[in-house]
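Undergrad: mind folding the following:
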Amino acid sequence: MNFRRASNNAAVRLGKELGRGGEGAVFLVDGATDLVAKVYLKPPSQARIDKLRSMARGASPDLLKVAAWPMDLLLDGGSQPRGFLMPRVNGREDLHQLYTPRSRRRTFPSADFRFLVRVAANLARAMAQIHARGHVIGDVNHGNALVGHDGTVRLIDCDSIQIRDGGRVFTCDVGVPLFTPAELSGRAFRGLRRQAYHDAFGLAALIFHLLYLGRHPFAGQFAHGDMPIERAIAEGRVAYGGTAALMGMRPPPGTLALGAFGGEVEQLFEMAFAGAASSRPTAERWVTALRELENSLVVCRADVTHHHPVDQPCCWCPYEKHWNTRVFARQLTGYVAAGVPKVARLWDAITAIEKPAKAEPLEMPPPGRHYTAAEKVGRRLQELFRGAEWNAWQEWLDRAHERVRRQTEKWNLATVDDRFEETYRELEGIKDRLLELPKERAKGIEALKFNLEDRWRDVWLAQFRIDQAKLPRVTPMDIAMLASHGIDSADDVLRNIGNLPGLLHPDGAGHVRAWARERQRQFQFESASGMEQSVVQHIDDTLADEQERLMGALAKGASRLRALSADIRAERQELWKQLNDARVQLRLAERNNMPR
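TA: A predicted model of the protein is given here:
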């Protein structure tokens, strides 16, 4: 079918079809690499045509930077509108690919928390552009935003947006319950005029998903049984923050606290989910708060892949320990081998610490009283003196002898203090283990030739993404819900078969299971360098985790030994002083052995 542009009557030739949905299909445009055409499967209504014309008139440069906004109508051979032209959005990924560590590692391998915050801010910026012109997104959800590897965001499916053109409003007649605020819960979307503060609820939920690793703010544990997310939204039962306990809710175990990223972000989430509808933070306010959050982030001292606000402890360290997983990936090319020179430098610093000199033990004094010649004289003369004086001297001499004996025993124990040697041997073991890691990596890669079929089956299945499967009875919201639970590939499905009924409608769960099992049946084992590289990446990732932990321990080794050496010397000095004091007291007692 031939098409023309409504603005200048220029011919438009369609190229390859890029995708197809319930309303229409999207095509490349020959001779215009920066444009695509959306053609409706059925002729659009007059109201839809009027809306598209209004959008095309308002297609400002600022809007075209952040959205696949209709730029011009497409007319068929009978001069009837059948679609529109819009900017081409390519080289981008669905927003929900950033939620879980696994999907993020696959699609954004270098993304860290700073990147997530930047994407959230750019998402808010895009929505702010829409609101600044009096429009409302309406159908806020995961599927309406695509993310570039530079962190920029482009809004898509813009022909569904609620448009204001003077006194006329073209409503958005669709919506997703999980991103619809309580005041609209259960209401029909067709003909419903929405406000920017309705969008503000969905925007805050999307930002929460980005910062809190795919969690929904209303998905938590209810004190009195099951609480579906839609019902929780309708009843205001947010699972995080100060009001959660009052509503019988609490966050799922092992999740991040609402205040993990500072008081300002916490306050904005409280206002968005538990405050009055009209007081929800605007998109502009989110832009400011998220920009400030990104500027406040510092590198965690324990893990260079972690970033946290400068005035907050690192939330990622306890999170990773709880879930035994790595949240943010590293660039691992040569990572393990690069650690070997660092080991040598750290070990040189450790061996430079002076070991405490060896201390010799002393001969223990015999137990009981030491009778001196003077004491024997005193015994012969004791009947000449009062008995009380004689007994007092005897007690004094006994105490002096016992103190010398105790202090000598303490000194001898100190001479066999092996804390320094034990710590040195511990550090030496860490050093040896670090130097073994490159060899272990080589052995691991060599071992790929064994049991490759099982490993490669997992890798092969992980390549089949649910969001690209076009499964019947599985909606974009279902896909996002699965992704938020770390299920976004055929491999994930087969590992989580038992969890599907709780996440999807029974029909949808059945289709997802059947699809994953069919992919499994299609697997044929053969050598494939791509699969092999994926397994090598897993080996590198595991060894890099261990290397970082051991390098951290070795880096603290010199200071540990230095402190131990100083402590041992100080303890010996104090014990020697106490022993000498005891000897002086004994000599005094012996010199005064004749009572006076």
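Undergrad: I figured R4 hits R13, correct?
TA: No - counting by Cβ atoms under 8 Å, R4 stays clear of R13, with 10.6 Å between them. C-beta: built from backbone N, CA, C; applies to glycine.
Undergrad: more neighbours: which of these two?
TA: R4 (17 against 13; other Cβ atoms under 10 Å).
Undergrad: in which helix or strand would I find the more buried one?
TA: strand 3-5 (DSSP states H and E).
Undergrad: what does the helix or strand following that strand rub up against?
TA: Counting by DSSP H and E, the next helix or strand C-terminal to strand 3-5 is strand 11-12. Strand 11-12 is contacted from outside by N2, F3, R4, R5, V29, A37, L74, L85, using Cβ atoms under 8 Å, 6 or more residues apart in numbering.
Undergrad: just give me how far strand 11-12 sits from the chain centre.
TA: In terms of Cα atoms, centre = their mean, to the nearest Å, the centre of strand 11-12 is found 48 Å from the chain centre.
Undergrad: just the mean pLDDT for stretch 471-483, thanks.
TA: What stretch 471-483 shows for mean pLDDT is 82.
Undergrad: dump it to CSV, keeping only the CA atoms.
TA: Provided in CSV are the C-alpha atoms of stretch 471-483 (Å, rounded to 0.1, in the frame of the first residue of the first chain):
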residue,chain,number,x,y,z
LEU,A,471,2.9,-15.9,24.5
PRO,A,472,-0.9,-16.0,24.5
ARG,A,473,-2.6,-15.0,27.8
VAL,A,474,0.7,-13.4,29.0
THR,A,475,0.5,-9.6,29.2
PRO,A,476,3.4,-7.1,29.4
MET,A,477,2.4,-6.7,33.1
ASP,A,478,2.8,-10.5,33.6
ILE,A,479,6.2,-10.3,32.0
ALA,A,480,7.2,-7.5,34.3
MET,A,481,5.9,-9.3,37.3
LEU,A,482,8.0,-12.4,36.4
ALA,A,483,11.0,-10.2,35.8
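Undergrad: follow-up on the earlier one: can you give the strand pairings for the strand holding R4, parallel or anti for each?
TA: Here strand 3-5 is paired, per DSSP bridges, with strand 11-12 (antiparallel), strand 72-75 (antiparallel).
Undergrad: averaged pLDDT, the last one. What do you get?
TA: Right, the one you point to is strand 72-75. 96.
Undergrad: which strands or helices does the helix or strand just after that strand pack on?
TA: Counting by DSSP H and E, the next helix or strand C-terminal to strand 72-75 is strand 81-87. For strand 81-87, the elements it packs on are strand 3-5, strand 35-40, helix 46-57, strand 72-75, judged by 3 or more Cβ pairs under 8 Å, 6 or more residues apart in numbering; DSSP states H and E.
Undergrad: could I get those as a markdown table with distance to H135?
TA: Formatted as a markdown table, the helices and strands packed on strand 81-87 follow (distance: least, Cβ to Cβ, whole Å):
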| stretch | distance to H135 |
| --- | --- |
| strand 3-5 | 23 |
| strand 35-40 | 18 |
| helix 46-57 | 9 |
| strand 72-75 | 18 |
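Undergrad: of those, which is nearest R105?
TA: strand 35-40 (29.5 Å; Cβ to Cβ).
Undergrad: what helix or strand does E93 sit in?
TA: Using DSSP H and E, E93 maps to strand 92-94.
Undergrad: any regions of the stretch 401-550 of the chain where pLDDT drops low?
TA: Residue ranges of the stretch 401-550 of the chain with pLDDT under 70: 448-452, 525-535, 537-538.
Undergrad: what do you get if the cut-off is 80, keeping everything else the same?
TA: Scanning the stretch 401-550 of the chain for pLDDT under 80 picks out 442, 444-456, 459, 476-477, 480-481, 484-486, 502, 524-542, 544-545.
Undergrad: ok, which stretches of it are helices?
TA: Remark: helices assigned in the stretch 401-550 of the chain by DSSP state H, counting those that start in this stretch are 419-446, 452-462, 476-484, 490-495, 506-522, 529-555.
Undergrad: closest to V117 out of the ones you listed?
TA: helix 476-484 (18.7 Å).
Undergrad: that closest one to helix 506-522, inter-axis angle?
TA: 60 degrees (axes from the mean of the first three to the mean of the last three Cα atoms, to 10 degrees).
Undergrad: dump the strands paired with strand 3-5 to a markdown table, plus mean neighbour count.
TA: Listed next are the strands paired with strand 3-5 as a markdown table, based on neighbours: other Cβ atoms under 10 Å:
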| stretch | mean neighbour count |
| --- | --- |
| strand 11-12 | 15 |
| strand 72-75 | 22 |
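Undergrad: to F328, which of the helices and strands packed on strand 81-87 lies closest?
TA: Across the helices and strands packed on strand 81-87, closest to F328 is strand 35-40 (Cβ to Cβ), at 33.5 Å.
Undergrad: quick check: mean pLDDT across the closest one?
TA: The pLDDT scores in strand 35-40 average 95.
Undergrad: ditto for stretch 558-573
TA: 91.
Undergrad: give me the distance between the host helix or strand of A570 and the centre of its chain.
TA: Using DSSP H and E, the element containing A570 is helix 557-591. Chain-centre distance of helix 557-591: 50 Å, with Cα atoms, centre = their mean.
Undergrad: pull out the buried positions in that helix.
TA: 557-558, 560-561, 564-565, 568, 572, 575, 579, 582-583, 585-586, 589 (16 or more other Cβ atoms under 10 Å).
Undergrad: same check on stretch 278-289?
TA: Buried positions in stretch 278-289, judged by neighbour count with 16+ other Cβ under 10 Å: R280, P281, T282, A283, R285, W286, V287, A289.
Undergrad: widest-spaced pair of the residues you listed?
TA: Every pair of the buried residues of stretch 278-289 checked by Cβ to Cβ; the farthest is R280 and V287, at 14.5 Å.
Undergrad: keeping just the C-alphas, turn stretch 494-506 into PDB.
TA: Extracted C-alpha coordinates of stretch 494-506, given in PDB (Å, rounded to 0.1, in the frame of the first residue of the first chain):
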ATOM      1  CA  LEU A 494      12.300 -24.200  34.400                       C
ATOM      2  CA  ARG A 495      14.100 -23.400  37.600                       C
ATOM      3  CA  ASN A 496      11.000 -21.800  39.100                       C
ATOM      4  CA  ILE A 497       8.200 -24.000  37.800                       C
ATOM      5  CA  GLY A 498       6.600 -24.200  41.200                       C
ATOM      6  CA  ASN A 499       6.400 -20.500  41.700                       C
ATOM      7  CA  LEU A 500       4.500 -19.700  38.400                       C
ATOM      8  CA  PRO A 501       1.000 -20.300  39.700                       C
ATOM      9  CA  GLY A 502       1.400 -17.700  42.400                       C
ATOM     10  CA  LEU A 503       2.600 -15.100  39.900                       C
ATOM     11  CA  LEU A 504       0.400 -15.700  36.800                       C
ATOM     12  CA  HIS A 505      -3.200 -16.600  35.800                       C
ATOM     13  CA  PRO A 506      -3.300 -20.400  35.400                       C
END
